[in-house]
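Visitor: structure for the following, please:
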Amino acid sequence: MSLPFEPAEWRKIGTDRRRTGTWMQLTATLFDELQAIEKIAPRAASASRRRAETIRDVLARHLSFKRIAVYLDDAQRGELVLAAATNKSGMPEALERLCVVREPESVLEQCDPPAAHVVPLASSKEVLGALILGGGGQEVLDESGRSSLRALGAYLSALLAASRLASEVRDGDFQMRLQMWELESLYDIGLSIASMLDMGQLGDEILVRTMSLVNARRAALYLRQGQRFGLHQALGGARAQFLDDELSADSVRAILEAGEPVAFEKGADCIFPGCETLVAMPIRSSSGEVIGVLAAADREFRDGSVGPFEEGELRLLNRFANQVSIALQNARLHRDALDKQAIERDLELAGSIQSNILPRGLPDTDGYEIAVLHNPARQLGGDYHTFFERDGIISACVADVSGKSVPAAILVSALHAALQLLFHERRPLGEIAEELNRHIHRWSSESKFITFILATIDRRAGEIRYVNAGHNPAFIVLGGKVETLHSHGLPIGILGASRYEAQTRPFPAGSLLALYSDGITEANNVEEEEFGPARLTDILTTNETRSCAEIRDTIRDAVHEFAGEAPQYDDQTVVLVRTSA
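Guide: As a prediction, the model looks like this:
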């Protein structure tokens, strides 16, 4: 590049030393020395000052101006600041960007004494700086001299723009490398914490990684429980109830509703007593729900000082919070799976115990035909049945415990143990019912009770004795006729002082006794219609001449067909006993 002016004009504004050179030599030497600007490391802390000093020194060597001031753009301040000068006395510390281009006269007037020339340094998009020149007898220049200064400004502008572009490229490359490092680090950390399924170990690892990522001195992990946050783990003595009881409503709303981080600096109340700076980063699930808060405090610099968390740390912590969310959900799913497995093992054990409580076989007594249907709605049922045989007499019991699952199974076990003991003592049916009632009432909760029917059939005497404590009516079928054995007492366990008297009915040879639970008659279909006792008695009378096993199967199939696709909500039990001559 060459300056558009004659050698004579250059000699007018040049120094004595340069007046002996040719025009081309002067131009080449000046521009070569100014190119030293490009060699200054763009990321150096003093890069801007060093560029300005280089420009000042080169111009001072080759131009006869006594006052040379170099102003460069300060992006943070939004103005041009004085970066270097042969004599700063009387020079303004800063200039407005647009004034340099639009109102150069006002700029010159700010100097004391006023300067002679302003040379804007600008690209097509922005003002990069300015030169202020004066003194040395060069206050007035002709058009050729002014052109030469404009050319000098254009050349310096190109150098500064190139340096800025190089800096931006290097910054962009640095930022790209930084983000690649962040992503690689987070990927490695994510793999590490995702494999941790113990909540305690996971919490420790999360806190250590948090402190390492953002150079924090302290960290805490809060997990959401309903609308409150409970302190899960902390390194640095966090206050457990801070998020619930001490944090302002606006801050809590920002975390819960907007999912935004909340930052504090000096003077603000903090999660960690005595801390200076803090950030509380929400942890969001895949559905967007805030499931916890990751807090870090007192970001430490290399010199040991503490300062606020900057945008880079917040971005990194936010990305890490996403990894933490995945790890927490994995650990919780694993914990829930273990809990479920433990419950299933307990249920399996309880179911095995209950299955051992129910009869493994049926009494094989001359003159009696017996069949049983037992279909629990769940792994643990609330229905119970059993048989007792003594001196050729058969006793059958069907009971229905209130509730389902484990509580019902426990009450069934208590009923079984007490009933076995009382029958072993050969007590009458009424006393057995009363003793059972006192026992269940004393040891079970107020909401628990048992409907219960106990019947003893004496084939030789041709009679049946029974106690029905709040249970479904039993049926005696003979010759197409049905006799109903209604309840005549409260369910077992309702009132401790309840009295029960055994009832007696004829039971001739060939009679069929049907005991059942309400899971049969109250079975619903998809239209929520109940099976009902009428359908049951119709099956009993229609199939009276068939075997007990065939009648049982007919009842089972009829109930199943009636319910259709409707789910089974209650246990289903049927006990059939028929006598022969």
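Visitor: how does this protein divide into domains?
Guide: 7-169, 195-334, 359-579 (automatic domain parsing).
Visitor: where do the helices of this protein begin and end?
Guide: With DSSP state H as the criterion, the chain has helices at 7-13, 23-34, 47-62, 97-102, 104-109, 143-194, 199-214, 249-253, 311-357, 405-424, 429-443, 518-521, 532-542, 548-563.
Visitor: dump these to CSV, plus distance to Phe449.
Guide: (Glycine included, C-beta is placed from N, CA and C.) Shown next, in CSV, are the helices of the chain (distance: least, C-beta to C-beta, whole Å):
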stretch, distance to Phe449
helix 7-13, 114
helix 23-34, 102
helix 47-62, 88
helix 97-102, 89
helix 104-109, 99
helix 143-194, 50
helix 199-214, 41
helix 249-253, 47
helix 311-357, 19
helix 405-424, 9
helix 429-443, 7
helix 518-521, 13
helix 532-542, 22
helix 548-563, 25
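Visitor: can you say which of the ones you listed is packed in most?
Guide: Mean neighbour counts were taken over the helices of the chain using mean count of other C-beta atoms under 10 Å, and the top value, a mean of 22, falls to helix 518-521.
Visitor: packing partners of that one?
Guide: Here helix 518-521 touches helix 532-542, strand 572-579, going by 3 or more C-beta pairs under 8 Å, 6 or more residues apart in numbering; DSSP states H and E.
Visitor: reformat the domains of the chain as JSON lines; add mean pLDDT.
Guide: Below are the domains of the chain laid out as JSON lines (pLDDT from 0 to 100):
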{"stretch": "domain 7-169", "mean pLDDT": "77"}
{"stretch": "domain 195-334", "mean pLDDT": "75"}
{"stretch": "domain 359-579", "mean pLDDT": "91"}
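Visitor: can you put those domains in JSON lines and add distance to Glu348?
Guide: Listed next are the domains of the chain as JSON lines, based on distance: least, C-beta to C-beta, whole Å:
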{"stretch": "domain 7-169", "distance to Glu348": "67"}
{"stretch": "domain 195-334", "distance to Glu348": "21"}
{"stretch": "domain 359-579", "distance to Glu348": "7"}
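Visitor: ok, which of these comes nearest Arg345?
Guide: Closest approach to Arg345 among the domains of the chain (C-beta to C-beta): domain 359-579, 11.4 Å.
Visitor: in contact with Ala220, which residues?
Guide: With contact taken as C-beta atoms under 8 Å, 6 or more residues apart in numbering, Ala220 is in contact with Leu207, Leu231, Gln233, Ala234, Leu235, Gly236, Ala238, Ile271, Phe272, Leu294, Ala295.
Visitor: so what's it bridging to?
Guide: Residues in a beta bridge with Ala220, per DSSP bridges, are Ala234, Ala295.
Visitor: any idea how far it lies from Gly237?
Guide: Distance of Ala220 to Gly237, given as C-beta to C-beta, to the nearest Å: 9 Å.
Visitor: got any residues that touch both of these two?
Guide: Counting by C-beta under 8 Å, 6+ apart, the residues touching both Ala220 and Gly237 are Phe272.
Visitor: can I get the helices and strands packed on helix 518-521 in CSV with distance to Ser487?
Guide: CSV is the format used below for the helices and strands packed on helix 518-521 (distance: least, C-beta to C-beta, whole Å):
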stretch, distance to Ser487
helix 532-542, 13
strand 572-579, 17
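Visitor: out of the ones you listed, nearest to Ala455?
Guide: Comparing the helices and strands packed on helix 518-521 against Ala455 with C-beta to C-beta, the closest turns out to be strand 572-579 (8.0 Å).
Visitor: who does that closest one pair up with?
Guide: Applying DSSP bridges, one finds strand 572-579 paired with strand 368-375 (antiparallel), strand 512-516 (antiparallel).
Visitor: out of the helices of the chain, flag the one nearest Arg77.
Guide: helix 97-102 (10.4 Å).
Visitor: list every C-alpha atom in that closest one, with coordinates, as CSV.
Guide: What follows is helix 97-102, C-alpha atoms only, in CSV (Å, rounded to 0.1, in the frame of the first residue of the first chain):
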residue,chain,number,x,y,z
ARG,A,97,-17.1,7.3,19.4
LEU,A,98,-19.4,9.2,17.0
CYS,A,99,-17.9,12.6,17.8
VAL,A,100,-14.6,11.5,16.3
VAL,A,101,-16.3,10.9,13.0
ARG,A,102,-19.1,13.5,13.0
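Visitor: re the thing from before, minimum distance to Ala414: which of the helices and strands packed on helix 518-521 has it?
Guide: Among the helices and strands packed on helix 518-521, strand 572-579 comes nearest to Ala414, with 18.2 Å by C-beta to C-beta.
Visitor: related to what we said a few turns ago, okay, the contacts of Ala220 in TSV with distance to Val412 next?
Guide: TSV is the format used below for those (distance: C-beta to C-beta, whole Å):
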residue	distance to Val412
Leu207	49
Leu231	43
Gln233	43
Ala234	47
Leu235	51
Gly236	53
Ala238	49
Ile271	52
Phe272	55
Leu294	49
Ala295	51
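Visitor: by neighbour count, which of these wins?
Guide: Greatest neighbour count in the contacts of Ala220, by other C-beta atoms under 10 Å, goes to Ala295: 30 neighbours.
Visitor: and it, how far from Gly479?
Guide: Going from Ala295 to Gly479 by C-beta to C-beta gives 83 Å.
Visitor: next one: Ser413
Guide: Going from Ser413 to Gly479 by C-beta to C-beta gives 40 Å.
Visitor: hang on, the earlier thing: need the winner for burial among the strands paired with strand 572-579.
Guide: Of all those, strand 512-516 has the most neighbours on average by mean count of other C-beta under 10 Å, namely a mean of 25.
Visitor: what sits up against that strand?
Guide: With contact meaning C-beta under 8 Å, 6+ apart, strand 512-516 is reached by 385, 396, 398, 453, 455, 457, 464, 472, 474-478, 507, 536, 540, 544, 548, 551, 573-578.
Visitor: again with stretch 414-424
Guide: Contacts of stretch 414-424 (C-beta under 8 Å, 6+ apart): 357, 384, 386, 388, 390, 395, 397, 399, 401, 431-432, 435-436, 439-440, 443-444, 450, 452, 492.
Visitor: lovely, talk soon.
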